[in-house]
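Colleague: Let's see this in three dimensions:
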Amino acid sequence: MSAFRGSNLYRDSMTSAGIDRSSPIPFYHQLKVLLLARIADEKLVAGDRLPSDHRLCEQFDVSRTVVRQALADLEHEGVIVREKGRGTFVAQSKSSQGLVQSLTGLHEDAARSGRALRSEVRRLETVPADEVVARSLAVEPGSPVVLLDRLRYIDEVPWVSVTTYLPADLGVDLSAAELVDGSLYEILDRQGLRPVRGTRSIEARVATGPQAKALQIARGGALLFLSSIGYDATGRPVELFEAFHRGDRTRFEVSLPLSGTDVRDPGLVVLP
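Modeller: Residues are numbered from 1 along each chain as shown. Model (predicted):
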């Protein structure tokens, strides 16, 4: 991590805006907003050091409790990291994905956030369905399914390892070349085979040796495992995918409507 850049300039600019003591907004939240603004204004990047807790108390004339609460919120949101004995630093950015709340793919999610996505197609072949795949796709064990295995990069950083299974009798036409920069869901959509509803689950995992090597993380590192089954309009399962996302680079966001209402976000699929 780099040392804190431009400390004098940053100190001066941060003191130009202060806490509004007449506002009903809590001091810690005001401080959090001010820090976010300064990180953006000064174009601080991952590894840049922020002022110490003591220095922030002096700059904004607030208590250590206020500073700690503001920093705790920013750390929880993945904006900063705090290292004991070293200080507070701007964190690596994470992709903020809505994949758990809507029937979108990573390609669409990355495009909406302005990130560059490409895929390394490691396998594309027809294989017999094992027990788990057969149960998920409602086919007999041993039935032919299309297996698509990809390592997907965001801004040229390995981000997620994903394996997709499609019933072979769908007749889907896939090519490895098209999938390098293209979206599987867009291809399925053109062929009238895109799922229209689905179920997804997420859980914590740790990286095995091969996963760690592919994703360039330490063995035993944190992964977010996303499993999904997609269904067509008749209710038939037409897609199963299992994705291992880097835990240090990914977070999932969910929009929640008020219970009992029919609030529908354009990206929200209401499941039966």
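
Colleague: so how far is L50 from W159?
Modeller: Applying CB to CB, to the nearest Å, the value for W159 to L50 is 26 Å. Where you see a C-beta, it was placed from the backbone N, CA and C, and this is true even at glycine.

Colleague: Same question for L31.
Modeller: Distance from L31 to L50, counting by CB to CB: 12 Å.

Colleague: Can you pull the residues that touch both of these two?
Modeller: Between them, L31 and L50 share these contacting residues under CB atoms under 8 Å, 6 or more residues apart in numbering: L56.

Colleague: mind listing the helices in this protein by residue range?
Modeller: For the chain, the helices defined by DSSP state H cover 7-15, 27-41, 53-60, 64-76, 106-112, 131-137, 176-181, 184-190, 209-215.

Colleague: weakest of those helices by average pLDDT?
Modeller: Ranked by mean pLDDT, the helices of the chain bottom out at helix 7-15, with a mean of 37.

Colleague: hey, what's the closest residue to F225 other than its chain neighbours bridged with?
Modeller: In space, and not counting its chain neighbours, F225 is closest to R205: 4.5 Å by CB to CB, 6 or more residues apart in numbering. Beta-bridge pairing of R205, defined through DSSP bridges, involves L223.

Colleague: What number of residues are in the vicinity of R205?
Modeller: Neighbouring residues of R205 were enumerated by other CB atoms under 10 Å; the total is 14.

Colleague: Per-residue pLDDT of the closest residue to R123 other than its chain neighbours, please?
Modeller: Spatial nearest neighbour of R123, excluding adjacent residues (CB to CB, 6+ apart): D149 at 3.9 Å. D149 carries a pLDDT value of 97.

Colleague: Please report how far D149 lies from D48.
Modeller: The value you get for D149 to D48, if CB to CB is used, is 37 Å.

Colleague: the more surrounded of those two?
Modeller: Neighbour totals were compared for D149 and D48, and D48 leads with 20 against 15 (other CB under 10 Å).

Colleague: quick one: that one and T88 touch, right?
Modeller: No: with contact defined as CB atoms under 8 Å, D48 does not reach T88; the gap is 10.0 Å.

Colleague: W159 and L50: who's more crowded?
Modeller: Comparing W159 with L50 by other CB under 10 Å, the one with more neighbours is W159, at 26 against 23.

Colleague: count of residues packed around E178?
Modeller: 14.

Colleague: For it, which residues are in contact?
Modeller: By CB under 8 Å, 6+ apart, the residues touching E178 are I187.

Colleague: redo that, cut-off 10 Å
Modeller: Counting by CB atoms under 10 Å, 6 or more residues apart in numbering, E178 touches V121, L184, E186, I187.

Colleague: Out of those, which two sit at the greatest distance?
Modeller: Greatest spacing in the contacts of E178, by CB to CB: V121 and E186 (15.5 Å).

Colleague: on that earlier part again, wait, doesn't the residue nearest to R123 sit right on P210?
Modeller: No: counting by CB atoms under 10 Å, D149 does not reach P210; the two are 11.7 Å apart.

Colleague: Now for the two: what residues contact both?
Modeller: With CB under 10 Å, 6+ apart, D149 and P210 have common neighbours S161.

Colleague: What residues does G85 make contact with?
Modeller: Counted by CB under 10 Å, 6+ apart, G85 has zero contacts.

Colleague: Tell me the pLDDT of it.
Modeller: At G85, the model reports a pLDDT of 85.

Colleague: Could you tell me how many residues sit around D20?
Modeller: By other CB under 10 Å, the residues close to D20 number 10.
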